[in-house]
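Peer 1: predicted model and sequence follow; I will ask about them next.
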Amino acid sequence: MDLVASLFPQENFSLIAVILGMPLLGAFVNGVWGRRLGKDAVRLMTLVAVGASFVASIVAFLALAHVVDSSGHKEIVDKVEIVRHDHAKLYWTAWEWMHTSGGREGAVVPIELKFSIDALSGVMMLVVTGVGFLIHLYATSYMAADKAFWRFFAYLNLFIFSMLVLILGDNLPVLFVGWEGVGLCSYLLIGFWYGHLPNAAAGKKAFIANRIGDFGLIVAMFVLVQYTGALDWSGLNSGAQNLLSTADAQQIHLWPIGGGQFQGFLKFLQPEHPFSITPATAVGLMLFLGCTGKSAQIPLYVWLPDAMAGPTPVSALIHAATMVTAGVYLCCRMSFVFVLSPATMATIACTGAATAFLGATIALVQNDIKKVLAYSTISQLGFMFLGVGVGAFTAGFFHVFTHAFFKACMFLGAGSVIHAMHARIHDDEKAQDIRYMGGLRKYMPLTYWTFFVSVLAIAGAPLTAGFFSKDEILYRAFINHNVNPFAEQIHKRSASFAIWEPPQWLGPALFAVGVLAAIMTAFYMFRLLFLTFWGDFRGWTIGRPSLLAKQEKEEHGDDDHPPAGGSQGAHHEEDLSTPGYAPHESPWQMTVPLIILGTLAACAGFLNAGLFHFTPMNHWLEPVFETATKGALKVKEGAHSLEWPLTGAGVAAFLIGSGLAYNWYVMRGGAPAKALAEAQPALYRLVLDKWRIDELYEKTVLAAVDALGDTAASFDQSVVDGVIARLTALIVAALGTILRAFQNGVVHVYATAMVVGLAAFGWFFVAPHPNAAITEKNGDYVIQAGPGMGYAFRWDADNDGKPDSEVFTANDQVKVSMPAGESKTVTLEVVNAFGLTGKKTITVSRPAAPQKLELGQN
Amino acid sequence: MSTAHTEPAETETPSTPLGPSQIATLVVLAVLAIVATKVSNVALPVIAAVAIAAVMPRRHGWGVRAPIAIFAGLLTLFVVKMWPAAAGEVPETTTAPWEPASLLTWLFGLPIAGAIAILFLPRQAPRVLKWTTLIVMFGTLAASLPLLSISYGREFHFNQDIVWMEKLGIHYHVALDGISLWLVILTSFTMPIAAYVSFGSITTRIKDWCFSLLLLQGAMIGAFVSMDMFLFYLFWELMLIPMYVMIGVWGGTNRIKSALKFFLYTMFGSVLMLAAILFLAYQYARVSGGTPSFDYFELQRMLVPQNVQTWLWAAFALSFFIKVPMFPLHTWLPDAHTEAPTAGSIILAAIMLKMGTYGYLRFCMGLFPESSAEYAATAAGFAVLGGILYGALCAWRQDDVKRLVAYSSVAHLGYVMLGLFAATGASLEGSVLQMVNHGISTGALFLLVGVIYDRRHTRHVDDFGGLAKPMPVFATLFVIATLASIGLPGTNGFIGEFMIITGTFVSTKLGHVNGIQAVGAAIGVILGALYMLNVVQKMFFGPVTKKENKHLPDINGRELVAVAPLVIMVFVIGLFPNIFLSQIKQSCARVQSDLEARIAANPAPSYYTGPLKLLPRKSEAPPPTVAAKAAQPGQEPGK
């Protein structure tokens, strides 16, 4: 440890470069030379890259533990001596990336490519590289037959790199690099078999749903940088209080937008009480929008089930174990911002509970093994957000940790099953349909047992990993009550400032929804287990191997996908009634990860067994959440006495769900389920169609955007181009046409025009033009009449209706003076050489006194 | 040795799958490389070049590998040399950098002289013509490199001010600051690429084509460096003619109409601008009591009352808004892009549109700060609604790839304009960087669309599908350009958009709507992904439905050499934006503080209503050259 400490000082912990660099290198090498290198080399490269990253992560983690240990100091709380640790971090700065302006004074905020490892990111890093390595190992066998083997591993390594950037980034923009990076990799991997159009479409859907979330993140970033003047974790932490300013100018005004006033005919839009929220709520909600995108929560969860179009290891790694938990990670990372707004916390908790419930209902009836797992993932992510939303950050994060193991294990198990099914069933959908499976535990014991352990864990069987993490969440949901940590100060500063507090019934209500979802979880998971592994095999007739060996000469492909480029027809559909080989267990590259993950799914719960007061994980993460939870959480009185009864509810949920599933699917062969579906066909259809949420979105939001796009495009063509270009051209052309009519070359017409013109000129000269110019000096106005041919003038300066002199004279000007603020009227008469007279009345007014000063200055 | 991290040592790792002897060789090479980087900074580019040449797929001959390798080396050199010194570090050299006053003249003089030289070359020798053009362009590129040797602060460099027409106050005045620096470099960098790629597809009237290219380059560089309004206008109009000819002669089926539309739109604006310039110069003579002046720094001193300033601002701004183009004056752009030949589109998108944004930043904001601030909020509304959102929606609905990219330009330049209107430090820097970014990513997109057009003679999205299968390298490059265009972090697009959006939110120029405008700009990020990924999916993914597409040849050497620099630049800017920002920063700070100072002195809403007067000359302005010491500028108006 001392060697590591001396090689990599805390402030320049360049081992992070290795952790990040190896997967990037792997992606680069595989991406650029992969095609030439061949499969063995690609496999070696990819495993070495992730493996080395994992080893480096372990070393870094140990180094961190060393630093944390040495920072321990004893404190006495409630007469018990406990050891507290600092929030220690290991930093590495790559280089200064860019800067922006922010803060109240618009100062320059530098943004560095800086990475850090602390307790939270350290655990996450180990999960990503560790589980990542196992899944890579699994995939080397699973994808062995794929032509684009190299491309797959280039993407997968790039994903690990991006995920690590996301986790280790020390400021929001760097996190955002990883955040979008994993979205990109997810896009590329979902659409990995791009020759099949639905896959590419699913990738696009995922990317765009994620982009909606990213929009939230961008908005959160600029609000944060404006109010806190920083984007790195420590700067945000210290500046977070600014988000709770009570000044009206500092609020986020939602309606009227920006705090303006509607005037005139728009006045009816002006509300009596303008609607505004604190910046803390705005940031919290926007960050959470980002989380709903990445972590598949309501309303943006719809991309995740479609994402199952990707290869199964991808589903395990990206869409179960790591990427989708990034939202929970962000909530934990930014916990100090979220807790400032109890409204946001309540939103998160409610969304989490609702998603947990909704996901579970859909998973009840799905028949595609991967779809069941996908909805189960959505549901479990809901649990995590429920935990985070009630302020139990450790519990929520711990569920991320355990979920990574059991869900990855289940997905890999499902992959193993699909791999086996593909031996005879080449149609993707059928190969994943649990109605064609059954009895597989005989043929695939390892897959079965690991899957079984994971099912126990996710269903919350006592003492498994899922039991400890899920029950902790439910327990915390019941007892925690979020309040604004600065409520008192705010109240002191401005008594009228409204502070929202969640109602007392919220906790129990969330708990109830959570328990319901837990019952359903146990039910659908055991349903899946029983239908897949128990009973009789329904896929094809299994014949005697000795007979089959004679019959069958042909190789059967065991890739589980239509080959890229649409040559799907190459696989001939087999007649499944003819006897075939029994489904086979997978090779060691696939089973070893299963065993390791299964073991972890069984045991990892003891890292935070709150029930037995053995909580090393909680202790480890405490410094991270210390600032966040201080003052923001009120735990209900007598909470500790509730711990065992509430755990009892969790266990009961497990027993009810699993017992019901056993009763229905094992004892009664699925008859009750069928009967229920037949009794309520409409409801069954609706749930099977995922509550038609996709269709709802298509009909509403997407249709609206679609219509908007069509309108914009046609508006552009017809109106904008029509008015600006074609109409102006038309006017010019019309003008030309009119003028052309005169230029017709007929002499008579020209002569007429000449005559008319001459006459007009003549009239102008003959008619007198009484014009006058007025000049002013110190209140004396001189009215000067305009000259003309033989003009003589007659004035009426005193405005008595009679001219001042009867005769017209050559006097062409008259002087008028008057006091300030008054006006006079002068009449001018003109006679010209032809004896014609003209008359004009001129009113001269002198502005009021103050103006005079200014004029004088001039 | 912070620079050691800039390029991963690529030579080390492929050793795993190779034989022992090769591993040994590579390890020795890697060790040598590491030692060399420790010894000298210059070693790194050489290593990068060798590494790139070594890793390029074998099927490309040295004709492709050598240029890309050399380019990679030069780029590494660029990154190493331009790396901004850390705060504590003292710059190594204290001697004044080499700063010849005539360098800018060379920069646009070379292409224009080259264009004239082309006229004397035989029409029958296309190779000679092409080589001459390329050599002149590379010469210009080389001549523009010394520009980078200077650290740009708030002041102007390479100032050359010669009295030209004394009575009229017209000077030959060129100068460069951190804002125009990158636009000039962008021009000298993009033009050879556009020219090189065009030589593959342009087969008729090579002589005229080469002449147009060189004349256009000269005019564009001239417009970026002119500090005399007369000179600027001269170049501004000179630009139009070659582009008009390019679209009209080598364009598609509707070329005449599009060329005319392009010309009329731009001309309409510029005539108004000319009137405003003449008015300004005339007023200057009146107020200074001497000769008129067209000098930017002199005209900047004029404090014009609000009612007059509004009209002058409008005349300038209209001209620039058409060029950008901003809604609702944008419809010439899709037409021009669709009909223009590939190189024309690249030049138009990469450089000519920047003329509008640059002009607004330099002249509208520099000469009429009060009016610029007064109308910023409204104009920003146009930029967000009409540019970013509306442009994106229109782009989404296009069937023609080139039209789509053209509309995406409208959206991207909406960001740039929004950043200019917001006028905060970050948003201005972001805007200037985004001008360069857009040039690179959209240039690359147009280039790639040109590649597929040359093969299929259609740009209709529905005529493609599943192209990733026959053309994997092309698809990869297109996806990279797409990602840069939609602003994925790590590519150049993100930096610009991020700085503009965060800068907009902190702006005080946009009234109370700055928040919603920043949010609107952020929504544009979603729409960007929508339309670009839509077209990528339709063109590249899914089964190959058309049999013409089954055996399309992948991108060839010429095209690869042309597009590689752009693709590399995407990542260079995305990862090392500070190289660029450190040069831009102070110049933008100058623009911003000038603006703030003027607005603080003449506050809203009436700004300034008094008579026209002259303010003292700005301290950053280069010292004035006065002809014959006749008129003393700064003298009070004698009445």
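Peer 2: The structure has been received and is ready for your questions. Numbering: from 1, shown residues only, chains lettered A, B, ... in the order given.

Peer 1: verify the stated contact: B:Pro472 with B:Asp554.
Peer 2: Yes - the criterion here is C-beta atoms under 8 Å, and B:Pro472 meets it with B:Asp554 at 6.7 Å. For every residue, glycine as well, the C-beta is placed using N, CA and C.

Peer 1: surely A:Leu113 is within a strand?
Peer 2: Yes - assessed with DSSP: H, G, I helix; E, B strand; the rest coil, A:Leu113 lies in a strand.

Peer 1: what sits closest to residue 256 if chain neighbours are left out?
Peer 2: Looking at chain A here, since you left the chain open. Among residues not flanking A:Pro256 along the chain, A:Phe262 sits closest, at 5.8 Å (C-beta to C-beta, 6 or more residues apart in numbering or on different chains).

Peer 1: try chain B instead
Peer 2: Nearest to B:Ile256 is B:Gly248, by C-beta to C-beta, 6+ apart, at 5.9 Å.

Peer 1: check contacts around the residue of the stretch 251-400 of chain A found nearest chain B.
Peer 2: Of all residues in the stretch 251-400 of chain A, A:Gly258 sits closest to chain B, at 3.4 Å by C-beta to the nearest C-beta. Residues near A:Gly258 by C-beta atoms under 8 Å, 6 or more residues apart in numbering or on different chains: B:Gly511, B:His512, B:Val513, B:Asn514, B:Gly515, B:Ile516.

Peer 1: neighbours of the closest residue in space to it that isn't next to it in sequence, just the number please.
Peer 2: Counting by C-beta to C-beta, 6+ apart, A:Gly258 lies nearest to B:His512, which is 3.4 Å off, once chain neighbours are set aside. Neighbourhood size, B:His512 [other C-beta atoms under 10 Å in any protein chain shown]: 15.

Peer 1: list the contacts for B:His512?
Peer 2: A:His253, A:Ile257, A:Gly258, A:Gly259, A:Gly260.

Peer 1: identify each buried residue in the helix or strand A:Thr647 falls within, please.
Peer 2: Assigned by DSSP states H and E, A:Thr647 falls within helix A:639-661. Judged by neighbour count using 16 or more other C-beta atoms under 10 Å in any protein chain shown, the buried positions of helix A:639-661 are A:643, A:646-647, A:649-650, A:653-658, A:660-661.

Peer 1: got the CA positions of the strand or helix carrying A:Ala602 in PDB?
Peer 2: Per DSSP H and E: A:Ala602 is located in helix A:588-603. In PDB, the C-alpha atoms belonging to helix A:588-603 read as follows (Å, rounded to 0.1, in the frame of the first residue of the first chain):
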ATOM      1  CA  TRP A 588     -17.200 -22.700 -19.300                       C
ATOM      2  CA  GLN A 589     -16.800 -19.200 -20.500                       C
ATOM      3  CA  MET A 590     -20.500 -18.800 -20.000                       C
ATOM      4  CA  THR A 591     -21.000 -20.800 -16.800                       C
ATOM      5  CA  VAL A 592     -18.100 -19.500 -14.800                       C
ATOM      6  CA  PRO A 593     -19.500 -15.900 -14.800                       C
ATOM      7  CA  LEU A 594     -22.900 -17.400 -13.900                       C
ATOM      8  CA  ILE A 595     -21.500 -19.200 -10.900                       C
ATOM      9  CA  ILE A 596     -19.600 -16.200  -9.700                       C
ATOM     10  CA  LEU A 597     -22.500 -13.800 -10.100                       C
ATOM     11  CA  GLY A 598     -24.900 -16.400  -8.500                       C
ATOM     12  CA  THR A 599     -22.600 -16.600  -5.500                       C
ATOM     13  CA  LEU A 600     -22.500 -12.900  -5.100                       C
ATOM     14  CA  ALA A 601     -26.300 -12.700  -5.500                       C
ATOM     15  CA  ALA A 602     -26.600 -15.100  -2.600                       C
ATOM     16  CA  CYS A 603     -24.100 -13.500  -0.300                       C
END
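
Peer 1: and that helix, which residues are buried?
Peer 2: Neighbour counts over helix A:588-603 (16+ other C-beta under 10 Å) mark A:589-591, A:593-598, A:600-603 as buried.

Peer 1: wait, which of these is closest to chain B?
Peer 2: Of those, the one sitting nearest to chain B (C-beta to the nearest C-beta) turns out to be A:Gln589, at 18.6 Å.
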